[in-house]
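Q: When you get a sec, could you give me coordinates for this:
(one chain, ligands or ions: 1)
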Amino acid sequence: MTNAPAPKPWIMGIAPYVPGRATSEDGRKVAKLSSNENPFGTPEAARAAYRDAADHLERYPDAGAADLRAALAVHYGVEADRLVYGTGSDEVLHLAAGTFAGPGDEIIHVRYGFAVYEIATRRVGATPVVVADRDYATDVDAILAAVTDRTRVVFVANPNNPTGTYSTREEIARLHAGLPASVLLVLDQAYTEYLDPADDDGGLELARTAPNVLVTRTFSKIFGLASERVGWGYASPEIIAAMHRIRAPFAFSIGAQAAAVAALTDDAFVARSREHNRRWRGWFSDQVDALSGLRAVPSKANFVLVLFEGALTGEVAYKALMTAGYATRWLPGQGLPQALRITIGTEEEMRAVVDVLRAEVERVA
Ligand SMILES: *Cc1c(COP(=O)(O)O)cnc(C)c1O
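A: I've put the predicted structure just below:
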C-alpha cells in the first residue's frame, strides 16, 4: 500500500460536489426542483440546431468556438476576442483559479457560496478564505477585510447561489474599487438573465474597462441547456489569453455549440422564462413567509432559500417534500442544515410544494 500513487494532500482536502437529486431514496422519479433548471425546457430553435448537428459527429468541434463567440459578441455587445469558454461555466471558474493561483495563494469566497469555488481553489493547491455573510447576503466589507498580500482571486456570484441574494451595482463597484489591482475579481453571473434589466450589476462594463475583472456566464440556467455544458467568460485580452492556455482544446461538442448559438436567437423564450420566474418566485416567497417559523431569503434568482427557524426543521421538510415527489436541495454539507434551496418550477409544482410545507408546519405545531 505504501507504494501506491499518493494523491496530493490538497486534492484529498476536497469534499466531493453533491449534485441535485432527480430520484427519491427508493429510486422513484420525482419533480426536480434541486438544480435550478428551466421548467420550460429548451428553446425549440436550440433543439433543432442540436438535431442538425447529428450529421457531423465524425468531426472535432471548432477549437476556437468562432460561431459561439460571434453570436455572443452580437447578443451582448462584447468583443469576440475577449471571450473564453469552457465545459460549463464551472470549467471557466476552474480556469480562473488555475491561471492565477497556486500553493501558498489565497482565494476568497463567501460562506454560503457556490460549492465549486472551494473545489476550484483546493484543486490548484491554493487556500480557501471563507468570509461571513450579512443575514445570508454577500458582505462587501467582510470580503475587503479578508484581503491579504497572498489574495489572488475573489469569487462572487451575483445573484448568489444558494442564497439568491443580490449585490447592487454600487456594491459591486465598491468591492472592485477596494481590491488591489493584482487581485482578480470573478463575477459569476449564472443567473443574470433572471434579473430585471434595471438590476444590472454593471459586471460586463467593469470587465470591459478594468484589467482585473472576469465575468462568467452560462447556457445552463435560463437558456435551458444544462446538459450541454456551455459556459463563457469575458475579461481583458491579457486575462483571456492566459486562460486559453489551460482550457480543454475542445470544450464542448458541435451540437452543444450549435444549440447555444440558436438559443441566443429566442428572446421570447428568455422573456417568458424570466416573467414566469418573477411571478412565481414572488408568490412562493409570500406563501413561505406566511407559514409559522419559515422565512424566504429575498431572491433575485430562479430559486428561493427557505429558512426553517421554528418547530419544522429543514431535514423533516426535505424528507416530506421528497416523499410527496419533490426533490429540493438540503445543504447541511454547506453549513445550511436549517435551509432548503427550492428551484422555481411550474405553477403546479410550486402550489404543491407550498401545500406540503403547510401540512408539515401544522403537523409539527
Ligand atoms: C449553476 C451555476 C453555474 C453554472 O454552471 P455550469 O457549469 O455553467 O452549468 C455557475 N455558477 C453558479 C453560481 C451556479 O449556480
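Q: Buried residues, stretch 119-129. List them.
A: Ile119, Ala120, Thr121, Arg122, Arg123, Val124, Gly125, Ala126, Thr127, Pro128, Val129 (16 or more other Cβ atoms under 10 Å). All C-beta spots, glycine's among them, are computed from the backbone N, C-alpha and C.
Q: In strands only, show me those.
A: Judged by DSSP state E, the subset of the buried residues of stretch 119-129 located in strands is Thr127, Pro128, Val129.
Q: how far away is the second one from Leu336?
A: According to Cβ to Cβ, to the nearest Å, Pro128 stands 17 Å off from Leu336.
Q: Next: the first one.
A: Applying Cβ to Cβ, the value for Thr127 to Leu336 is 23 Å.
Q: which pair in the buried residues of stretch 119-129 spans the largest distance?
A: Maximum pairwise distance among the buried residues of stretch 119-129 (Cβ to Cβ): 15.7 Å, between Arg123 and Val129.
Q: From the contact counts, what lies against the longest helix along the chain?
A: Identified as the longest helix of the chain according to DSSP state H is helix 267-289. For helix 267-289, the packing partners by 3 or more Cβ pairs under 8 Å, 6 or more residues apart in numbering; DSSP states H and E come out as strand 294-296, strand 303-308, helix 347-364.
Q: Tell me the helices and strands packed up against the last one.
A: This means helix 347-364. Using 3+ Cβ pairs under 8 Å, 6+ apart, helix 347-364 sits against helix 267-289, helix 314-324, strand 326-327.
Q: quick revisit: nearest to Ile246, of the buried residues of stretch 119-129?
A: Within those, the smallest distance to Ile246 is 10.3 Å, found for Val124 (Cβ to Cβ).
Q: Count residues in the vicinity of Thr99, would you?
A: For Thr99, the count of nearby residues is 23 (other Cβ atoms under 10 Å).
Q: What's the separation between it and Ala177?
A: Distance from Thr99 to Ala177, by Cβ to Cβ: 23 Å.
Q: Next one: the closest residue to Val354 other than its chain neighbours from Ser273, what distance?
A: Excluding the flanking residues, the one nearest Val354 by Cβ to Cβ, 6 or more residues apart in numbering is Gln287, at 4.6 Å. Note on Gln287: its distance to Ser273, by Cβ to Cβ, is 21 Å.
Q: Secondary structure element holding Arg69?
A: helix 66-76 (DSSP states H and E).
Q: residues of that helix that come out buried?
A: Applying 16+ other Cβ under 10 Å to helix 66-76 flags Leu68, Arg69, Ala71, Leu72 as buried.
Q: what do you get for stretch 251-270?
A: Across stretch 251-270, burial judged by 16+ other Cβ under 10 Å covers 251-264, 266, 269-270.
Q: go on, stretch 130-144?
A: Result for stretch 130-144 [16+ other Cβ under 10 Å]: buried residues Val130, Val131, Asp133, Tyr136, Ala137, Thr138, Asp139, Val140, Ile143, Leu144.
Q: Which single one of these is nearest to the ligand?
A: Thr138 (11.9 Å; Cβ to the nearest ligand atom).
Q: Surely the closest one is in contact with Asn158?
A: Yes - counting by Cβ atoms under 8 Å, Thr138 does reach Asn158; the two are 7.4 Å apart.
Q: shared neighbours of the two, anything?
A: Ser167 (Cβ atoms under 8 Å, 6 or more residues apart in numbering).
Q: Neighbours of the closest residue to the ligand within the chain, how many?
A: Residue of the chain nearest the ligand, by Cβ to the nearest ligand atom: Gly88 (2.4 Å). Residues within reach of Gly88, counting by other Cβ under 10 Å, total 25.
Q: which residues does it contact?
A: Gly88 sits next to Thr218, Ser220, Arg229, Val230, Gly231 when contact means Cβ under 8 Å, 6+ apart.
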